[in-house]
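Novice: Using only what follows, build the 3D model:
(one chain, ligands or ions: 1)
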Amino acid sequence: MVESESVRTAERRQRTPAVLLPDYPAPVIMGVLNMTPDSFSDGGEYNRLDRAVGHAVELTEAGAGLIDVGGESTRPGAERLPAEVEQSRVLPVIRELVQRNIVVSIDTMNASTALAAVDAGAKLINDVSGGLADPGMRRVAAETGVHFVAMHWRGPSDAVAVYRDVVADVRDELKSRVAELIVSGVDPSRIIIDPGLGFAKNAEHNWRLLGHLRELGILGHPLLIGASRKRFIGTVLDAAATPKDRDPATAIISALAAEAGVWGVRVHDVVGTRKALDVWSAMRDGRATV
Ligand code: PMM
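Specialist: Numbering: from 1, shown residues only. Down below sits the predicted model:
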């Protein structure tokens, strides 16, 4: 590393608090802010930015502790974008949110986007590939020192993968991702794991993982889940339900995941999940107020 780079690395590390979200009594809500072209698209670029920031502020006021900004669809099977296009979508909004003291996470598989986002003030890198898609990602995670979500991923395809036992396989593969990150210099206390619901998994796989979250918890890292509005929820509801129709079920999953000890839930409808988590904590603590 040349000297100026190592100075920048040291500066980045200094700007990153040792503990992003210290000991939350209830799971943190990660609100989704999707910056793909079809979102907030009712006018010019400024209007789009303005509306995106407004939406993030609303999510924060509704109880999101983190806003997860994404500029490329990371859904399995989605087409990949040039990193510059992705960055032109996410960096302006990240700067605006950071100015408003909103904690930002960057949803990206590109190391260069992760680095630019951290330089713009993002405090967490959310990589759905767990560091597999871009060989430079682990180094960025290590050098920036921000929190890193390693999600379970079996490649970009939307085909369902073969599992011997989905819970054991996901646990073992996440354990490998974590080991690779640590070998690359990532501070273990910064690593968050995620089973990757809906990624190369069928509905039964997803429900099994949700029913066995404690078995992933034994890896000793905070656990994040992203069930929000995903298609598998439709298997126990009306199959024709729209993504938004899945919000009440998402909120119930959030409360049950809280009971299983997760650290965070990534959701679109923050209001519904906030209510579900308030009910859950009132039951847990026997308190009539939150
Ligand atoms: N799912 C999506 C995108 N990013 N990040 C994490 N950590 N976990 C997830 O399950 C996850 C994610 C895809 O969902 P969307 O297209 O509804 O945002």
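Novice: can stretch 121-129 be found next to the ligand?
Specialist: Yes: legend: contact between stretch 121-129 and the ligand by C-beta under 6 Å from any ligand atom is shown at 126, 128. For the C-beta atoms, the positions are set from N, CA and C on the backbone; glycine is no exception.
Novice: From here on, call the first residue 819.
Specialist: New numbering, starting at 819: the last item is stretch 939-947.
Novice: Give me the distance between that stretch and the centre of its chain.
Specialist: Remark: stretch 939-947 is offset 7 Å from the chain centroid, using C-alpha atoms, centre = their mean, to the nearest Å.
Novice: what about stretch 848-860, average pLDDT?
Specialist: Averaging the model's pLDDT scores along stretch 848-860 yields 82.
Novice: Residue numbers of the stretch 969-1108 of the chain in contact with the ligand?
Specialist: So the stretch 969-1108 of the chain meets the ligand at 969, 1012, 1014, 1015, 1042, 1044, 1047, 1084 (C-beta under 6 Å from any ligand atom).
Novice: In a markdown table: those residues, plus secondary structure, pLDDT and neighbour count.
Specialist: Below are these laid out as a markdown table (DSSP: H, G, I helix; E, B strand; the rest coil; pLDDT from 0 to 100; neighbours: other C-beta atoms under 10 Å):
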| residue | secondary structure | pLDDT | neighbour count |
| --- | --- | --- | --- |
| 969 | strand | 98 | 27 |
| 1012 | strand | 98 | 28 |
| 1014 | coil | 98 | 25 |
| 1015 | coil | 97 | 23 |
| 1042 | strand | 97 | 26 |
| 1044 | coil | 98 | 25 |
| 1047 | coil | 94 | 21 |
| 1084 | strand | 97 | 26 |
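Novice: Closest one of the residues you listed to the ligand?
Specialist: Nearest to the ligand among those is residue 1044, at 2.3 Å by C-beta to the nearest ligand atom.
Novice: Please see if the helix or strand containing residue 956 touches the ligand.
Specialist: Per DSSP states H and E: residue 956 is located in helix 955-962. No: applying C-beta under 6 Å from any ligand atom, one finds helix 955-962 separated from the ligand by no less than 13.8 Å.
Novice: Other residues contacting that helix?
Specialist: Contact with helix 955-962 is made by 827, 830-831, 834, 927-929, 932-933, 936, 943, 945, 947, 949, 966, 998-999, 1002-1004, 1008, as judged by C-beta atoms under 8 Å, 6 or more residues apart in numbering.
Novice: make it 6 Å
Specialist: Here helix 955-962 makes contact (C-beta atoms under 6 Å, 6 or more residues apart in numbering) with 827, 830, 929, 932-933, 936, 943, 945, 949, 966, 999, 1002-1004.
Novice: Now the two most distant members of those residues.
Specialist: 827 and 945 (18.8 Å; C-beta to C-beta).
Novice: between those two, which one's more packed in?
Specialist: residue 945 (29 against 15; other C-beta atoms under 10 Å).
Novice: picking up where we left off before, include secondary structure and pLDDT when you put the contacts of helix 955-962 into JSON lines, please.
Specialist: Shown next, in JSON lines, are the contacts of helix 955-962 (DSSP: H, G, I helix; E, B strand; the rest coil; pLDDT from 0 to 100):
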{"residue": "827", "secondary structure": "helix", "pLDDT": "62"}
{"residue": "830", "secondary structure": "helix", "pLDDT": "53"}
{"residue": "929", "secondary structure": "helix", "pLDDT": "98"}
{"residue": "932", "secondary structure": "helix", "pLDDT": "98"}
{"residue": "933", "secondary structure": "helix", "pLDDT": "98"}
{"residue": "936", "secondary structure": "helix", "pLDDT": "97"}
{"residue": "943", "secondary structure": "strand", "pLDDT": "98"}
{"residue": "945", "secondary structure": "strand", "pLDDT": "97"}
{"residue": "949", "secondary structure": "coil", "pLDDT": "96"}
{"residue": "966", "secondary structure": "strand", "pLDDT": "97"}
{"residue": "999", "secondary structure": "helix", "pLDDT": "97"}
{"residue": "1002", "secondary structure": "coil", "pLDDT": "97"}
{"residue": "1003", "secondary structure": "coil", "pLDDT": "97"}
{"residue": "1004", "secondary structure": "coil", "pLDDT": "97"}
